[in-house]
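S.K.: the amino acid sequence is not available; the structure is as follows:
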């Protein structure tokens, strides 16, 4: 068993003074947060969510993604809506419009498999869950790996791309969920 560090001893001495203990924990948390922030800005790292859509790999900015969900067991169809609007899902008491992203882009229906996911967009005014083939997790890139030129895609979504990251032979187009939700085509949801 290892001996306690001086920091652990200091915290143990505050055991009977909960307010001072919380204040010390907050101070330490802020110090670590400032250090992490400083390291991130020095390295200029971009973090995105990797996903698969129509056979291609894409990145979505972490800030544009609220959460990733499985396909809900039931959705309520919206009468008079475009076919790419699959319906409304109840997600923890909130109604979420579910959109087949592939179908919206004109690339056919997204086949529902065990890997199919819904990416919930982090947008203040427009709630939406976008069905994608698969979510692969976070990917980190150095800022210098970014290029403003996006490669052609199978899903024909070039107008919604915000450049690409290149690492070796791999190209990762950056799909802008904000530009999709704020587009004229998305606003025309009525059939």
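M.R.: Yep, it's here. Predicted model only: the values in this text are computed from it and were never measured. Residues are numbered from 1 along each chain as shown.

S.K.: if we ignore the residues flanking it in sequence, what's nearest residue 148?
M.R.: Distances taken as CB to CB, 6 or more residues apart in numbering put residue 163 closest to residue 148, at 4.7 Å, once the chain neighbours are dropped. C-betas here are computed from N, CA, C, even on glycine.

S.K.: residues contacting that neighbour?
M.R.: 146-150, 173-174 (CB atoms under 8 Å, 6 or more residues apart in numbering).

S.K.: any chance of these in CSV, plus distance to residue 94, neighbour count and secondary structure?
M.R.: Converted to CSV, the contacts of residue 163 look like this (distance: CB to CB, whole Å; neighbours: other CB atoms under 10 Å; DSSP: H, G, I helix; E, B strand; the rest coil):
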residue, distance to residue 94, neighbour count, secondary structure
146, 34, 16, strand
147, 37, 13, strand
148, 36, 8, coil
149, 38, 10, coil
150, 33, 20, coil
173, 30, 23, strand
174, 28, 21, strand
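
S.K.: still on that earlier bit, what about the residue nearest to residue 148, which SS state?
M.R.: Three states are possible here, and by DSSP: H, G, I helix; E, B strand; the rest coil the one that applies to residue 163 is strand.

S.K.: show the pLDDT at it.
M.R.: Here the pLDDT value assigned to residue 163 is 94.

S.K.: that one and residue 28: what is the separation?
M.R.: Summarising the geometry, the distance separating residue 163 from residue 28, computed by CB to CB, to the nearest Å, is 38 Å.

S.K.: so residue 154 makes contact with residue 56?
M.R.: Yes - with contact defined as CB atoms under 8 Å, residue 154 counts as touching residue 56 (5.1 Å).

S.K.: quick one, which of these two is more surrounded?
M.R.: When neighbours are counted by other CB atoms under 10 Å, residue 154 and residue 56 differ, and residue 56 comes out ahead with 19 against 12.
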